[in-house]
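>>> how would this look folded up:
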Amino acid sequence: MNIDISILIPFLNESENIPFLIDSLIAFCKTNSKKKIEVIFIDDGSKDNSFELLKSASMNYFEAKIIKLSQNYGSHAALRAGIFHAKGTYITFMYADLQDPLELINQLYEEIQKDNKEIVWAVRNEKQNWFSGFYARLMQRFAVKNFPENGFDIVMFSQKIQKQLNQNIESNSSIFLQILTLGFKQTTIQYQKQPRKAGKSKWTLNKKIKLLVDSFVAFSFFPIRLVSVVGIILFVVGILFAIYLITRKLILDDIKEGWTALTSILMIGFGITNISLGIIAEYLWRTLDASRKRPIFIIDEIVEINQNKI
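Numbers count the residues shown, from 1 in each chain. Here you go, the predicted model:
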C-alpha cells in the first residue's frame, strides 16, 4: 500500500505523554481518513515503560511501527533511524509531548504539494527562550544565512530529500541544518508552539551545548578562522609591544625588571593557545569519528504493530 505521509516521533522516557499521544494520533487519523498515514515511533533508549506502553496500545486508523535503539543516541540520530525506514511519499517529524500540534501536518502537506516543493518548514511565530534566540543568531551570522529567526522543530520533505539524507548520514551533526543546506525548492509556514501536557523536557543544557558545537563545527569554518585571526592579532600586538619596550629602554632607560608583566602575558597567551587547541581538537575528533565509520545509531528491534486499519 502506498503511504502518503510518514510521521516520525522520537521519544525518551515519555510514559506520561504516551496515552495522550496515542489518543491524539487516533483522533487525527480518523479526521484525515483519506490520507494513508504511517507513524514510526523511535525509542531513543528510554529507561521507563514508554516502549511497553506503545507495544500494548491499540493503534487502529494508521500503520505503525516502533524502532527501539540500543541506547540513547540523541534525537537527531533517532530521526535518522526513522527516516531510513520511512515509506511515505512525504516525511515529517513530531514529538511525544505534542507541543507542535498534529493539525500542522495538514498545513505542511497542502503546502508541499503546491508547485512541486521538496521541503516545507514550520517556523515558530513567537520569540523563543534566550538559548534558542542566541543559537539562531549565531547560525544566521556564521553558518547558514537563511536560518529562521525563531527557529524550527518541524519540517516535511519528499522522498528525494530522504534519499539524500540516507546516502549522507552525518555523525555529530544537525539533521535540520543538513536539510536546510541541501538546496531544492523549499518554503515556510508559521505556527504557534503549545505548552507540554505532561512531563519535563529532555532537551537539557548539555544537549543544547552539544548541538551548538556540532552545528558550528559541521556547518561553519568560523571557529578555525577565529583561531587564525586571533593568532595574527596577538602576533602584531606582540611585535608592537616589543618595539615599544626596546625603544623605551634605549631612549629613556626607565623600565624596571619584574615578573608582573611577564606573568600576565604568559597567562593570557597560554589561555588563548589552549582555547585554540580545543577548537582544533573538536575538528580533529569529529574527523577521526567520521573516518572510523561507526554507526550513529544501532537498532535493537523493530516492532510492527498489528494492522487493523479501518
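>>> Burial check on Ile246, number of neighbours?
Look at Ile246: counted by other Cβ atoms under 10 Å, it has 11 neighbours. (C-beta placed from N, C-alpha, C; glycine too.)
>>> er, Asn13 I mean
Neighbour count of Asn13, defined by other Cβ under 10 Å: 19.
>>> That one reaches Phe51, doesn't it?
No. The criterion here is Cβ atoms under 8 Å, and Asn13 misses it with Phe51 at 10.2 Å.
>>> Just list the residues touching Tyr90, thanks.
By Cβ atoms under 8 Å, 6 or more residues apart in numbering, the contact list for Tyr90 reads Asp4, Ile5, Ser6, Leu108, Tyr109, Ile112, Met156, Phe157, Ser158, Gln159.
>>> Mind giving me the ChimeraX command for buried ones among these?
Restricted to buried positions by 16 or more other Cβ atoms under 10 Å, the ChimeraX selection for the contacts of Tyr90 reads:
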select :5,6,108,109,112,156,157,158,159
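>>> Using a markdown table, please lay out the contacts of Tyr90 together with secondary structure.
What follows is the contacts of Tyr90, written out as a markdown table (DSSP: H, G, I helix; E, B strand; the rest coil):
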| residue | secondary structure |
| --- | --- |
| Asp4 | coil |
| Ile5 | strand |
| Ser6 | strand |
| Leu108 | helix |
| Tyr109 | helix |
| Ile112 | helix |
| Met156 | strand |
| Phe157 | strand |
| Ser158 | strand |
| Gln159 | helix |
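>>> now, among the contacts of Tyr90, which is nearest to Leu138?
Checking the contacts of Tyr90 against Leu138 by Cβ to Cβ gives Phe157 as the nearest, at 24.4 Å.
>>> With adjacent residues omitted, what lies nearest to that closest one?
Leaving aside its sequence neighbours, Phe157 sits nearest to Ile119 (Cβ to Cβ, 6 or more residues apart in numbering; 4.7 Å).
>>> For the one you found, what are phi and psi?
Main-chain torsions, Ile119, degrees, to the nearest 10: phi -140, psi 130.
>>> is it true that it touches Lys185?
Yes. Between Ile119 and Lys185 there is a contact under Cβ under 8 Å: 7.4 Å.
>>> Which residue of these two possesses the greater neighbour count?
With neighbours defined as other Cβ under 10 Å, Ile119 and Lys185 compare such that Ile119 has more, 21 against 12.
>>> Mind jotting down where the strands sit in the stretch 151-300 of the chain?
Along the stretch 151-300 of the chain, the stretches classed as strands by DSSP state E, counting those that start in this stretch are 152-158, 186-191, 299-304.
>>> Go through these and name the closest to Ala64.
Ala64 sits nearest to strand 299-304 of all the strands of the stretch 151-300 of the chain, at 8.1 Å, using Cβ to Cβ.
>>> Flag every buried residue along the closest one.
So for strand 299-304, nothing qualifies as buried (16+ other Cβ under 10 Å).
>>> packing partners for it?
If contacts are counted by 3 or more Cβ pairs under 8 Å, 6 or more residues apart in numbering; DSSP states H and E, strand 299-304 sits against strand 63-69.
>>> Sheet-wise, list the partners of the strand it packs on with their directions.
Partners of strand 63-69 in the sheet, by DSSP bridges, are strand 37-43 (parallel), strand 299-304 (antiparallel).
>>> could I get those strands as CSV with mean pLDDT?
CSV is the format used below for the strands paired with strand 63-69 (pLDDT from 0 to 100):
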stretch, mean pLDDT
strand 37-43, 92
strand 299-304, 88
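>>> need these in JSON lines with distance to Gly151, can you?
What follows is these, written out as JSON lines (distance: least, Cβ to Cβ, whole Å):
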{"stretch": "strand 37-43", "distance to Gly151": "22"}
{"stretch": "strand 299-304", "distance to Gly151": "29"}
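>>> closest one to Phe176 among those strands?
So among those, strand 37-43 is nearest, using Cβ to Cβ, at 16.1 Å.
>>> Let me know the next secondary structure element after that closest one.
helix 50-56 (DSSP states H and E).
>>> Rounded mean pLDDT for that following helix, please.
For helix 50-56, mean pLDDT rounds to 87.
>>> can you pull the buried residues of it?
Buried-residue list, helix 50-56, by 16+ other Cβ under 10 Å: Ser50, Phe51, Leu53, Leu54.
>>> Kindly report the same for stretch 81-99.
For stretch 81-99, by 16+ other Cβ under 10 Å, it's 81-83, 85-99.
>>> Could you do stretch 4-18 as well?
Neighbour counts over stretch 4-18 (16+ other Cβ under 10 Å) mark 5-18 as buried.
>>> could you say what helices and strands the strand or helix carrying Gln113 packs with?
Assessed by DSSP H and E, Gln113 sits inside helix 104-113. For helix 104-113, the elements it packs on are strand 5-11, strand 90-93, strand 119-124, strand 152-158, strand 186-191, judged by 3+ Cβ pairs under 8 Å, 6+ apart.
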